[in-house]
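# Just need the structure, nothing else, for what follows:
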Amino acid sequence: MTTNTPFPAFEFDNKILTQGAEISRRLDMLRRENFPPNAQKMLRQFSMAEVARFLGVSPNNLKRLSLEDKGPTPETKTGGRRFYTAEQILELRTYLDRTGKRDAKNYVPHRREGEKLQVIGVVNFKGGSGKTTTSVHLAQQLALAGHRALAIDLDPQASLSALFGFQPELDNNRSVYDALRYDEERCSIAELISPTNFPSLDIVPANLELSEYEFETPLAAQASREGKLFFTRLSKALEDVDDRYDIVVLDCPPQLGYLTLTAVTASTSILITVHPEMLDLMSMSQFLLTLGNFTKSLMNAGAEVQMDWLRYLITRYEPTDIPQTQMLGFMQSMFAEEILSNQMVKSTAISDAGLTKQSLFEIERAKFNRDTYDRAFESMWAVNAEVQELIHKAWGRS
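Purely as a prediction, here's the structure:
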């Protein structure tokens, strides 16, 4: 006769604290190995073909500028191939904008007088919908397109911060929470901004302390008028840096709590990421119904919720998957005008790049099967270009 051996007793709190600390230590080791010498992310150089695409000029025009020694001098590598840094891309923009014809393309697309700060809320309360991946690539492409961009991580899990090379529990004890909190330690969001490895792109990182906002807000709402108007806190915080940026990208948490409601109220436009499967669509239905009811309540309480546009982005899309294609058609039949015409395809290039906390803009194309990389990059580029067009349309630009 056999007897079962009971599990040995253990202290749950100490066990998970120990394991959490060990994971943090190992991740920091990986970060130092991947981003030497100081564990800070650097940015690769870009080929002439890539730079020409970012600028919207032909590679031949760019090559002519280089041969005529106009603009920044690229680094010439094996085979005469020329490469530019991201800083040099900005220099090229300024040069082309200064020397081009006045009725030609605007190479420095900063906000003009009368154009409001665009705040893009990337939302869905179902995890795995691709919010963070969408947010990081969108913010990076907008910066490479010449915009002054700010990414704000509103998720206490801090995935967006991690993709920009931050390890919150080690690098930064401050987060956007410090601009939202209700006590005397509240500060200007300007004090919380950190540069990224992309010129013209800054970030306000997150950490676990941000979850305190979810607990403190209902208590503050009971205690004061300030708490009742919680939904204005982020929009008011952004007033301090309104003149520094053209576009703000908000990576919202995968839940419909006070952080998401605060983000939605601060947003000028909403991008909802959705995976084209039945369970995800059902989840999104509940999200929309709940968000709509909450928004009505906030508006009755005095919130100004005015959106320039709302769009659905299909993520992790597999065009050869018949059920997904059918689900996409089903969604298009309901609200065709609100679905982006481009989808973000599912790709190993994106997931593999994420293993080293990198985006498609940061990772070297040579590290992948070229067809795999190009398919993912073209999909991502098309999605972000469509969003940028919406932003420009909101400004009244053609």
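
# Which parts of the stretch 1-150 of the chain are strands?
Using DSSP state E, counting those that start in this stretch, the strands of the stretch 1-150 of the chain run over 46-47, 75-76, 82-84, 118-123, 149-153.

# Quick check: which of these is buried the most?
A comparison of the strands of the stretch 1-150 of the chain by mean neighbour count, using mean count of other C-beta atoms under 10 Å, puts strand 149-153 on top with a mean of 28. For the C-beta atoms, the positions are set from N, CA and C on the backbone; glycine is no exception.

# and of the strands of the stretch 1-150 of the chain, who's closest to Ala266?
Ranking those by proximity to Ala266 (C-beta to C-beta) places strand 118-123 first, at 5.6 Å.

# Touching the closest one from outside, list them.
Contact with strand 118-123 is made by 131, 134-135, 138, 235, 238, 246-252, 260, 263-264, 266-273, 308, 387, 391, 394-395, as judged by C-beta atoms under 8 Å, 6 or more residues apart in numbering.

# buried residues in whichever strand or helix holds Gly292?
Using DSSP states H and E, Gly292 sits in helix 278-300. With burial defined by 16 or more other C-beta atoms under 10 Å, the residues of helix 278-300 counted as buried are Asp280, Ser283, Met284, Phe287, Leu291, Phe294, Thr295, Leu298.

# tell me the contacts of the third one?
Think Met284. Met284 makes contact with Asn124, Lys126, Ile272, Val274, according to C-beta under 8 Å, 6+ apart.

# Remind me what the helix or strand containing the third one packs against, helices and strands.
Going back to what we said before, that points to Ile272. Using DSSP H and E, Ile272 sits within strand 269-274. Applying 3 or more C-beta pairs under 8 Å, 6 or more residues apart in numbering; DSSP states H and E, we find strand 269-274 packed against strand 118-123, helix 131-144, helix 278-300, strand 309-314, helix 370-394.

# switch to 7 Å and redo it
strand 118-123, helix 278-300, strand 309-314, helix 370-394 (3 or more C-beta pairs under 7 Å, 6 or more residues apart in numbering; DSSP states H and E).

# ranking those by mean pLDDT, which is last?
Note on these: lowest mean pLDDT is at helix 278-300, with a mean of 82.

# Give me the residues contacting the host helix or strand of Thr262.
Using DSSP H and E, Thr262 sits in helix 258-266. Helix 258-266 is contacted from outside by 119, 121, 123, 154, 213-214, 217, 230-235, 238, 250, 252-253, 270, 294-295, 298, 303, 305, using C-beta atoms under 7 Å, 6 or more residues apart in numbering.

# Narrow these to those that are buried.
Among these, those scoring as buried are 119, 121, 123, 154, 213, 217, 230-235, 238, 250, 252-253, 270, 294-295, 298, 303 (criterion: 16+ other C-beta under 10 Å).

# Met217 - nearest residue in space that isn't next to it in sequence?
Slight slip there: residue 217 is Thr, not Met. Spatial nearest neighbour of Thr217, excluding adjacent residues (C-beta to C-beta, 6 or more residues apart in numbering): Tyr258 at 4.3 Å.

# just Phe361 next, same as before
Gln140 (5.0 Å).

# burial of that neighbour, as a residue count?
Neighbourhood size, Gln140 [other C-beta atoms under 10 Å]: 27.

# Over to Asn369?
11.

# do the same with the one 5 residues further on
Around Asp374 there are 13 other residues, counting by other C-beta under 10 Å.

# Could you do Asn106 as well?
The local packing of Asn106 (other C-beta under 10 Å) involves 15 other residues.

# Might you report the residue contacts of it?
Counting by C-beta under 7 Å, 6+ apart, Asn106 makes contact with Asp97.

# The buried residues of helix 278-300 into JSON lines, with extra columns for distance to Val345?
As requested, the buried residues of helix 278-300 are exported to JSON lines (distance: C-beta to C-beta, whole Å):
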{"residue": "Asp280", "distance to Val345": "16"}
{"residue": "Ser283", "distance to Val345": "21"}
{"residue": "Met284", "distance to Val345": "19"}
{"residue": "Phe287", "distance to Val345": "23"}
{"residue": "Leu291", "distance to Val345": "27"}
{"residue": "Phe294", "distance to Val345": "32"}
{"residue": "Thr295", "distance to Val345": "31"}
{"residue": "Leu298", "distance to Val345": "35"}
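
# Out of the residues you listed, which comes closest to Ser351?
Using C-beta to C-beta, the buried residues of helix 278-300 come closest to Ser351 at Asp280, 18.0 Å.

# Pretty sure Asp97 sits against His110.
No. With contact defined as C-beta atoms under 7 Å, Asp97 does not count as touching His110 (10.0 Å).

# what residues does stretch 312-327 touch?
Residues from elsewhere that reach stretch 312-327 (C-beta under 7 Å, 6+ apart): 129-130, 134, 271-278, 281, 328, 331, 338-340, 343-346, 383.

# What subset of the residues you listed is buried?
By neighbour count, with 16+ other C-beta under 10 Å, the contacts of stretch 312-327 hold 129-130, 134, 271-276, 328, 331, 339-340, 343-346, 383 as buried.

# Which two among the contacts of Met284 are spaced furthest apart?
The largest separation in those, counting by C-beta to C-beta, is between Lys126 and Ile272 at 10.4 Å.
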